[in-house]
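Let me see the structure of the following:
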Amino acid sequence: GDYIWIEPVSRREFDVAIGARVVSAEGRRIQVQDDDSQEQWLTPERRIKAMHPTSVQGVEDMISLGDLHEAGILRNLLIRYNENLIYTYTGSILVAVNPYQILPIYTVDQIKLYRGKKIGELPPHIFAIGDSCYNNMRRFKQNQCIVISGESGAGKTESTKLILQYLAAISGKHSWIEQQILEANPILEAFGNAKTIRNDNSSRFGKYIDIHFTKEGVIEGACIEQYLLEKSRIVSQGADERNYHVFYCMLAGMTREERQKLELTDASQYKYLTGGGSITCEGRDDAREFADIRSAMKVLMFSDSEVWEILKILAAILHMGNVKFKGKVIDNLDASEIPDTTFLVRVARFLGVDVRAVKEAFTTRTIFAQGETVVSHLSHSQATDVSHLSHSQATDVRDAFVKGIYGRLFIWIVRKVNAAIFKPKATHRTSIGVLDIFGFENFKTNSFEQFCINYANENLQQFFVQHIFKLEQEEYNSENINWQHIEFVDNQDTLDLIAIKQLNIMALIDEESKFPKGTDQTMLQKLHKQQSHHKQYLKPKSDLNASFGINHFAGVVFYDTRGFLEKNRDTFSADLLQLIHNTSNKFLQHLFVEDIGMGSETRKRAPTLSAQFKKSLDMLMKTLLSCQPFFIRCIKPNEFKKPMLFDRELCCRQLRYSGMMETIRIRRAGYPIRHTFREFVERYRFLINGCPPAHKVDCHAATSKICHQVLGRADYQMGHTKVFLKDAHDLFLEQERDRVLTKKITILQRCVRGWYYRRRVGTPLSEQL
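Okay, the predicted model is just below:
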């Protein structure tokens with residue numbers, strides 16, 4: 001009946017101890033059933049450890065776990081997940097495991113239930129985080145923030161929606177502005193979310209929604225910041241993935257007349273929509289969602305003409321993807337042509353430009369050198385090598401045009417939404433910010449996007465660690481424990497390497513991006529030369545390997561540098577900008593107003609994508625540091641989007657990547673093992689003579705006596721309600737308990753056997769029969 005931890009035999013990175021219940025014993029072997037329902041026999045050589053009582057049944061707040069280690073956290077989440085209890089606290093941090101099913105826990109009654117309650121008064125819930133945040137803001141007149149993180153498919157988007165719905169419900173007015181803030185979501189999801197292999201509604205950008213309240217606690221407005229939209233998705237998708245939802249919704253939901261005007265058919269006919277081989281998404285009704293998008297746009301003051309202009313832009317993008325190039329030779333040089341101009345004519349009409357001008361912009365490049373203009377041809381070569389890859393300069397230019405248009409359209413949409421929901425700052429305004437941002441990423445191939453995403457996560461990790469350390473200090477203070485000598489290691493070294501110290505990685509990438517002859521290879525050479533001595537930087541053994549590695553807080557990630565500079569430059573050719581400059585489409589021109597206003601020299605000095613991202617991130621961190629933070633860590637229990645399936649290895653990886661293990665590391669630096677006096681007496685009273693059960697004794701005095709007699713002068717501390725111990729003390733106490741109980745059981749067995757045989761000898765035969 002005892003519960004134990006079984007240490008793993010394998011040395012795989014995400015293998016941790018598993019919980020098990022002792023079923024029976026046979027000599028020195030014990031039979032157990034583990035948390036995966038597997039039965040096994042263990043011999044004395046197998047490393048096991050007694051399980052703390054708090055880990056047997058599970059707890060609502062993991063700070064109270066006696067076994068506060070990876071295995072303890074993992075088992076606690078598993079026990080609760082199996083009972084459909086998807087929320088668990090670690091102090092004021094909420095861990096949310098995606099149930100992949102609809103649970104009846106977000107009703108109006110639930111909202112009423114959690115209103116005005118402190119964290120811990122009721123079972124863990126996302127509404128409790130929303131309520132604490134709101135009440136803290138009102139009580140202390142201080143801005144609050146909720147940081148929601150996790151990998152794709154973990155439930156960040158849904159968690160963000162639930163927080164916004166809760167805040168709208170409890171602020172009391174049910175006004176038009178609240179409705180507008182909620183309606184921003186379907187628009188942003190349509191243009192910024194897509195089906196991926198991990199998630200049917202994956203946010204491909206980060207967002208910070210700052211909700212503003214009056215001094216009476218009523219919502220008066222909001223402002224949305226967006227970060228790093230994944231533009232590559234517009235022109236290519238991975239297997240079984242889709243482009244952004246809006247394209248499929250538009251084709252499914254437009255009227256026949258609208259489709260005819262835009263010369264559109266169904267999604268299967270467009271190269272940009274079929275790259276992943278998937279045009280449908282289970283559980284999504286694209287036509288119905290298009291009606292919701294249009295309805296939301298009305299609520300957010302998009303005019304009918306603006307909606308039509310957006311549809312024209314989207315149609316032009318689809319037609320552009322179907323423009324086909326063919327290689328040819330002009331003056332012994334590779335060039336390209338567009339044999340069928342059907343789609344090109346449509347692109348020209350919807351973008352308001354001359355068809356010949358589009359053709360030239362896609363097939364030639366104008367270079368200005370020493371006061372002269374030189375026109376060169378763009379090549380288009382089919383697959384000729386063993387890798388079956390084709391390289392087409394013409395296709396690259398066309399795709400860059402599409403990404404530039406869509407990226408600027410997305411920025412315009414966010415600004416349009418903000419124009420409707422943002423109100424100029426009032427004197428006594430406070431706010432709650434909700435950050436829904438991409439989690440740490442480490443794929444088979446990691447590129448520039450992962451580099452930026454992981455840099456953002458390094459910053460958030462440091463913010464998280466500082467907050468956890470502060471919480472730990474508060475517990476020590478409340479228990480009157482001396483914590484002055486406790487230290488923890490943060491990730492400042494990695495941040496310095498990426499973006500802070502002189503000649504950091506970002507600075508070197510930017511520097512190379514500004515050299516016209518700079519290539520990914522020359523950039524990598526400079527990185528190796530400058531950083532190879534840094535302990536957090538990893539250089540591959542082979543010089544043929546076009547990557548570099550960084551030792552992040554969640555592990556080592558290698559970044560493939562191919563395409564780094566192109567993505568970082570994020571520039572438009574002068575030919576494409578000239579095309580925009582000459583357009584009769586005023587809406588399209590407005591999207592590029594900042595680019596057109598720049599001269600060619602100013603454009604060369606324009607900030608790179610990494611510089612823009614770093615500036616946005618610095619502003620975000622400054623905002624977060626001025627707020628009282630709450631954290632929601634979303635966990636994806638399995639890769640199959642199925643309910644009641646818990647993949648231990650996957651969840652362990654996410655816990656590590658989320659930075660939750662920092663809670664453990666910081667605890668380990670001080671006194672990680674904590675028992676209430678009652679728990680301690682109940683478990684260890686056998687170690688001294690004459691100690692009665694916990695309900696019959698002063699538990700504080702009894703705990704002090706046990707520690708004094710068993711641990712002697714060891715470094716433990718007595719708080720107001722708990723005893724604080726080191727790991728070694730816990731191990732020693734368990735070993736002593738095992739030794740003492742074994743000794744007493746042996747005495748009991750000896751007495752019982754003696755009684756049994758004496759009775760048997762002294763009993764008449766007739767009675768024995």
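
which stretches of the stretch 151-300 of the chain have low pLDDT?
Within the stretch 151-300 of the chain, no stretch has pLDDT under 70.

Check the chain too.
In the chain (pLDDT under 70), the answer is 382-391, 426-427, 485-489, 599-604, 763-769.

What's the local residue count around Gln110?
Here the number of neighbours of Gln110 (other Cβ atoms under 10 Å) works out to 16. (Each C-beta comes from the backbone N, C-alpha and C, glycine too.)

Show the contacting residues for it.
125, 127 (Cβ atoms under 8 Å, 6 or more residues apart in numbering).

helices and strands around the longest helix out of those in the chain, which ones?
Of all segments of type helix in the chain, defined using DSSP state H, the longest is helix 727-762. Contacts defined by 3 or more Cβ pairs under 8 Å, 6 or more residues apart in numbering; DSSP states H and E place helix 727-762 against strand 48-50, strand 673-676, helix 677-684, helix 699-711.

Helix or strand for Ser542, just tell me which one.
Element membership for Ser542, per DSSP states H and E: none, as it lies in no helix or strand.

ok, it to Tyr3 distance?
49 Å (Cβ to Cβ, to the nearest Å).

Pull out the buried residues from the longest helix of the chain.
Counting neighbours by 16 or more other Cβ atoms under 10 Å, one finds that the buried residues in helix 727-762 are 729-730, 733, 737.

Spatially, which two of these are the most separated?
Spanning the widest gap among those are His729 and Arg737, at 12.2 Å by Cβ to Cβ.

Redo the helices and strands packed on helix 727-762 as a markdown table? Include distance to Phe451 and mean neighbour count.
Putting the helices and strands packed on helix 727-762 into a markdown table (distance: least, Cβ to Cβ, whole Å; neighbours: other Cβ atoms under 10 Å) gives the following:
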| stretch | distance to Phe451 | mean neighbour count |
| --- | --- | --- |
| strand 48-50 | 40 | 17 |
| strand 673-676 | 39 | 22 |
| helix 677-684 | 47 | 21 |
| helix 699-711 | 49 | 18 |
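
Can you check which of these gets nearest to Thr445?
Nearest of the helices and strands packed on helix 727-762 (Cβ to Cβ): strand 48-50, 39.6 Å.

dump the residue contacts of Ile79.
So Ile79 contacts 57-58 (Cβ under 8 Å, 6+ apart).

Now do the helices in the stretch 151-300 of the chain.
Along the stretch 151-300 of the chain, the segments classed as helices by DSSP state H, counting those that start in this stretch run 156-170, 176-192, 245-253, 256-261, 271-274, 286-299.

Actually, the stretch 451-600 of the chain.
Under DSSP H, counting those that start in this stretch, the stretch 451-600 of the chain gives helices at 492-495, 505-514, 520-531, 564-569, 574-581, 586-591, 593-596, 600-604.

okay, the angle between the third one and helix 505-514?
Okay, so that is helix 520-531. Orientation note: helix 520-531 sits at an angle of 150 degrees relative to helix 505-514 (axes from the mean of the first three to the mean of the last three Cα atoms, to 10 degrees).

Just the CA trace of helix 520-531, in CSV.
Extracted C-alpha coordinates of helix 520-531, given in CSV (Å, rounded to 0.1, in the frame of the first residue of the first chain):
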residue,chain,number,x,y,z
ASP,A,520,24.7,33.9,-44.4
GLN,A,521,28.1,32.3,-44.7
THR,A,522,30.1,35.5,-43.9
MET,A,523,27.7,36.2,-41.0
LEU,A,524,28.3,32.7,-39.6
GLN,A,525,32.1,33.1,-39.9
LYS,A,526,31.9,36.4,-37.9
LEU,A,527,29.7,34.8,-35.2
HIS,A,528,32.1,31.9,-34.8
LYS,A,529,35.1,34.3,-34.7
GLN,A,530,33.6,36.6,-32.1
GLN,A,531,31.6,34.2,-29.9
